[in-house]
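> generate coordinates for the sequence data below:
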Amino acid sequence: MQIADHTVVSFHYTLTDDQGTVIDSSAGREPLTYLHGTGQIVPGLEKVMAGRVAGDQFKVDVAPAEGYGERHAELEQQVPREAFQGVDDIQPGMQFQGRGPQGVINVTVTRIEDGVVHIDGNHPLAGQTLHFDVEVTDVRQATREETAHGHVHGPGGHQH
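As a prediction, this is how the structure comes out:
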């Protein structure tokens, strides 16, 4: 069966950056399982998955626009240390949730200096080309319930 909308796909992957450093991998774990056509994986990878079958192995480079987006300077801000009440020790790399005009936003602390905390609301992989090495392990038709709910049920998916 070919990967198409309303199919459940399982695949192993290794994601690397431009230098070949592994960012994430399913090695040693169960394959990643998703419902194709619902935006559960980055758009550039989902596009090249279409038409593949179990057993296919391939490499794909996903540009930022089709991955986690371009970096946006306006999402980098400086806030006073006092904005982090109740947090005794703030360190670069720590992540927090905040509220912005569009709702909840995840931010990462990039540095602290002179009582000012520098935060970045960009996704950590924004602006980066994503290099995927993929092996499709299984493709099946989604159940009516999975299609209606918009996610996979059972092994490798969501349990109700």
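
> low-confidence regions, this protein specifically.
Along the chain, segments meeting pLDDT under 70 span 155-160.

> show me where it has its helices.
43-49, 144-149 (DSSP state H).

> distance between the first one and the chain's centre?
Read it as helix 43-49. Centroid separation for helix 43-49 versus its chain: 13 Å, with C-alpha atoms, centre = their mean, to the nearest Å.

> the last one too?
Its chain's average C-alpha position is 22 Å from that of helix 144-149, according to C-alpha atoms, centre = their mean.

> now stretch 77-96
That offset, for stretch 77-96, works out to 24 Å (C-alpha atoms, centre = their mean).

> buried set for that stretch?
Of the residues in stretch 77-96, 84, 94 count as buried by neighbour count, 16 or more other C-beta atoms under 10 Å. Placement of C-beta: from N, CA and C, glycine included.

> mind listing the strands for this protein?
7-16, 22-25, 32-35, 57-62, 76-80, 95-100, 103-113, 116-120, 130-141 (DSSP state E).

> about what we covered before: relative to Leu125, which of the helices of the chain is closest?
helix 43-49 (12.0 Å; C-beta to C-beta).

> tell me the buried residues in the closest one?
Buried-residue list, helix 43-49, by 16+ other C-beta under 10 Å: 44-46, 48-49.

> can you redo the strands of the chain as CSV with distance to Gly69?
Compiled in CSV, the strands of the chain are given as follows (distance: least, C-beta to C-beta, whole Å):
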stretch, distance to Gly69
strand 7-16, 16
strand 22-25, 16
strand 32-35, 19
strand 57-62, 11
strand 76-80, 14
strand 95-100, 15
strand 103-113, 13
strand 116-120, 13
strand 130-141, 11
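
> the ones you listed: which one's closest to Val87?
strand 95-100 (8.1 Å).

> strand 76-80 and the closest one, what's the angle between them?
90 degrees (axes from the mean of the first three to the mean of the last three C-alpha atoms, to 10 degrees).

> which residues sit against strand 95-100?
84, 104-109, 119, 121 (C-beta atoms under 8 Å, 6 or more residues apart in numbering).

> rerun at 7 Å
104-108 (C-beta atoms under 7 Å, 6 or more residues apart in numbering).

> put the alpha carbons of that strand into PDB.
Provided in PDB are the C-alpha atoms of strand 95-100 (Å, rounded to 0.1, in the frame of the first residue of the first chain):
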ATOM      1  CA  GLN A  95      12.500  26.700  28.400                       C
ATOM      2  CA  PHE A  96       9.400  28.400  29.600                       C
ATOM      3  CA  GLN A  97       5.800  29.100  28.300                       C
ATOM      4  CA  GLY A  98       4.600  32.600  28.000                       C
ATOM      5  CA  ARG A  99       1.700  34.500  26.600                       C
ATOM      6  CA  GLY A 100       1.900  36.500  23.400                       C
END
